[in-house]
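Visitor: Whatever this is, show me its structure:
(chains A and B)
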Amino acid sequence: MPSWAELEQFLVSGLALGGVYALSGVGLVVLYRATGVLYLAFGAVGAMGAFIAFEMIQSGTPGWSAWIVCVLFGGVVTLVYGMIFGPPLAGRDPVVRAVATLGLTLILFGIMDLVWTVTGGRVRSISLPTDNGGFTVLGLQVTWTQVIALGGGVVLTVGTAAFLRYTKLGTAMRAMANDREITATLGVPVRRVEAAAWFGCGILAGIAGLLLADLVQLDSTTLTFLVISSLAAALIARLRSIAVTFVAAIVIGVIHDLLTPFTALTNYRDMTPFVLAAIALLWASRHRTVMTRSGEEA
Amino acid sequence: MRAHMSVIKVLSARRTIVLAAAVAIAAAGCSSSSSSSTSSTGSSSTPASTSSATSSASASTVSTSQCGSKPGQAASGTPINLGSIVTDSPQANFTDIANMAQAYFNCVNANGGINGHPIKYVIQKEQINASQIAALAKQLVQTDHVVGIVGNTSIIECSVDHSYWESLGFYIIDSGIAPECYSTSNSAAVNMGPRYSSDGAVQYALSQHVSKIVFDQSNVPGTAYIAGGPNALATAAHVPIQDVATNVPISDANSVAIQLVDAAGQNGAVVLNFTPPDALVILEAAQKLHIEGHVKLWGCSTPCNTDFLAKSLGPSWNGKLFVNAELTPPDATNTATMNLYKAILSQYGSAVSGGVGSFSQMGFVEAELMVKALESVNGDYTVASVNAAIKGLKDVNTGMLCQSWTYGSYSLHIPNNEDYTVTPSNGQMTMAPNGTCTPISAVDPQIAQYRSQAGTAPADPTST
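Guide: This is a model prediction of the structure:
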């Protein structure tokens, strides 16, 4: 049985991991609430943006411009996808719309595998200037990048919730996610609102990709499928509450890392997001909580 | 209504085509930017460029024509067919090894070939699929009519095909990964593979008088076999060893790094056996958490021996990380063979994406050995004559290994069983203190078994 002193370190690292999950999880919920689409390409778009930024930095481009390109790449790719596939799929089942984004995921993943091969012992990494500073907690260095990831999740959670609740565009997004046809009938310019939602989500994907490439690793497989773990946090929040998604992501990260020093459990700790999501869904079903397409509880 | 649906379908198809075109253009753009950065040898921002610059410098002083018997005269006889099976998948990609062997053969073909015969080299790529690998072996024999197999590097090929090769009388020269690459009669590798390389890394840590070893590797099938060697060495030295298996790809390196450092303790050593990207992510996590100094030293098996990793890590790992090197460190070595290798890589190795490094070194040595075997064949180049020549290779000085290399008639083959140890220094891997050729301890029962059959090979005077 590990001592509390040992566990303390994993508590700190777990908070950082939770911040990583929160970044992706909150982004997923934001787009789902705005467009009704579960955007499974979130990780792949961010990963490819990070790879492009890496190449630019290697070729001598200043870091700040490479980071901007990474973020804009996420926004533009997501916007293009949303504008091309959003309208024709708008009336389809949510599962169909989610699977369509899986297609984009696989295309981007294939391109990354083709262009950024792993042969010859080649390794790639992105380091942000914020890695060089930080402070010590319980003997562990906490970098400013980790603080930004965690703080960014909080800001994103509060900011997006306020945006969706209090702004005209946010209200239009929520209305459109509920029923696109009725929203259009009411005179809302749905194409423009959709474009804003897709572009905003893409920007989030780009920011998350850049931070995760630094915090996790610059690897197409890892970054592309990290979204699956983040999805667990979104599912715990039943794809509705941004605040619950954030809290769930932090809890998943902390529990994941706290299991590390337990020898019997350490190899199973990667199951944490899915076990917690399954428990949450079972609990929800026992309480007769069923989510409808509109996100309202029946 | 039907007409409306048709219009929608046409529009959807058009949009799909537009998206596909956009993706294709994006891919083309990325490809060109990638290749231009790789070929930009003037850039000092990547280890690849550094390696390329080194390679170019050596190439200017060495003529590649010495790789063949008739310099400048292209071979024009009937080709000698050789084959290879390599892993080419997102999880692992070993194509550089066969591509370097191809570069060597191209050099030979341009300079007289083998008694006037060019070598035709067929490289088959597999995706870690047993049935595919078995089919490729049959294709090489039945369709491509190869008379020899060289350059195989695959996660599972040795396990899948070794019985087939034995039944046909093929003697394979390969880069080993699976246990059967070392433990069977018809496979001999130029490298040590994960087990003996991990032995070397643990052995170096023990030589530095650490109080505990924590040996971490991927949580995949077959790692218990690899851990057998390091455990035997540590136990014989009366040093406690703890085996850790980490799930890959690693999504949370911080907890892994903390776990390893806590387990090793202040006077202990953490030894990693991972692919370069996974090893890097653990080492970088330790660095970011400022805990790399909380243990006496870090060790790593051969995959970490890459300038990419040295460059990525930075100076805090100089003299702190010690990496097993199965082949002569290329950066600081100025021998005739090393310069020929760099010259061939520079002139013929455009397909070798990793540049100078252990993968391309392995491909060079394997091709070099095969050429020596072919040159010793009298008469026709058949499966029987070529494989008899391969089996007859004895005490060959490759210029890339600590010892001379022998195939021979043994029940198992570990012809490379002496190693170097290197450490990062200013973005390159350089020889560690006391890191020159050291025999892997016969405490590992498989090393002992091999030496009981083959003895200890003499040192290779051409490698340093």
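
Visitor: neighbours around whichever residue of the stretch 351-464 of chain B sits closest to chain A, how many?
Guide: Here the residue of the stretch 351-464 of chain B nearest chain A is residue B:354; by C-beta to the nearest C-beta that distance is 1.4 Å. Where C-beta positions appear, they are placed from N, C-alpha and C, glycine not excepted. Here the count is done by other C-beta atoms under 10 Å in any protein chain shown, and residue B:354 has 29 residues near it.

Visitor: Tell me the spacing between it and residue A:117.
Guide: Counting by C-beta to C-beta, to the nearest Å, the gap from residue B:354 to residue A:117 is 9 Å.

Visitor: is chain B contacted by the helix or strand of chain A with the lowest mean pLDDT?
Guide: Ranking every helix and strand in chain A by mean pLDDT, DSSP states H and E puts strand A:140-143 at the bottom, with a mean of 80. Yes: using C-beta under 8 Å from any C-beta of the partner chain, strand A:140-143 reaches chain B at A:140-141, A:143.

Visitor: Name all residues that make contact with the nearest residue to residue B:154 once chain neighbours are set aside.
Guide: Leaving aside its sequence neighbours, residue B:154 sits nearest to residue B:87 (C-beta to C-beta, 6 or more residues apart in numbering or on different chains; 4.6 Å). By C-beta atoms under 8 Å, 6 or more residues apart in numbering or on different chains, the contact set of residue B:87 is B:93-94, B:125-128, B:153-155, B:157.

Visitor: A strand includes residue B:87, no?
Guide: Yes: using DSSP: H, G, I helix; E, B strand; the rest coil, the secondary structure at residue B:87 is a strand.

Visitor: so how far is residue B:103 from it?
Guide: 19 Å.

Visitor: Ok, residue B:271 next?
Guide: In terms of C-beta to C-beta, residue B:271 sits 33 Å off from residue B:103.

Visitor: quick one: which of those two has more around it?
Guide: More neighbours surround residue B:271 than the other of residue B:271 and residue B:103, with 30 against 27 (other C-beta under 10 Å).

Visitor: hang on, isn't the more buried one packed against residue B:299?
Guide: Yes: judged on C-beta atoms under 8 Å, residue B:271 makes contact with residue B:299 at a distance of 3.9 Å.

Visitor: Tell me which residues touch the closest residue to residue B:383 other than its chain neighbours, please.
Guide: Of all residues beyond its chain neighbours, the one nearest residue B:383 is residue B:147 (5.0 Å), with distances taken as C-beta to C-beta, 6+ apart. Neighbour list for residue B:147: B:80-82, B:381-383, B:385-387 [criterion: C-beta under 8 Å, 6+ apart].

Visitor: Tell me the buried residues in stretch B:80-97?
Guide: B:80-90, B:92-97 (16 or more other C-beta atoms under 10 Å in any protein chain shown).

Visitor: Now intersect these with the helices, please.
Guide: If you go by DSSP state H, the buried residues of stretch B:80-97 have B:95-97 in helices.

Visitor: Let me have the residues you listed in a markdown table, adding distance to residue B:315 and pLDDT as columns.
Guide: Listed next are those as a markdown table, based on distance: C-beta to C-beta, whole Å; pLDDT from 0 to 100:
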| residue | distance to residue B:315 | pLDDT |
| --- | --- | --- |
| B:95 | 32 | 92 |
| B:96 | 28 | 91 |
| B:97 | 31 | 94 |
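
Visitor: Check these one by one and keep those near chain A.
Guide: Taking C-beta under 8 Å from any C-beta as the test, chain A is in contact with B:95-96 out of these.

Visitor: Residue B:72: how many residues sit nearby?
Guide: Residue B:72: 10 surrounding residues under other C-beta under 10 Å.

Visitor: Skip the chain neighbours and tell me the closest residue to it.
Guide: Per C-beta to C-beta, 6+ apart, closest to residue B:72 is residue B:65, 5.9 Å.

Visitor: Then residue A:170?
Guide: Nearest non-adjacent residue to residue A:170 (C-beta to C-beta, 6+ apart): residue A:164, at 3.9 Å.

Visitor: can you pull the buried residues of the helix or strand where residue B:204 lies?
Guide: Here residue B:204, judged by DSSP states H and E, is contained in helix B:193-207. Buried positions in helix B:193-207, judged by neighbour count with 16+ other C-beta under 10 Å: B:193-206.

Visitor: ok, which stretches of the chain are strands?
Guide: All of this is about chain A. Secondary structure of chain A (DSSP state E): strands at A:134-137, A:140-143.

Visitor: Sorry, I should have been clearer: chain B.
Guide: With DSSP E as the criterion, chain B has strands spanning B:80-87, B:119-126, B:148-152, B:172-174, B:187-189, B:213-218, B:241-246, B:269-273, B:297-300, B:321-325, B:418-425, B:428-431, B:438-439.
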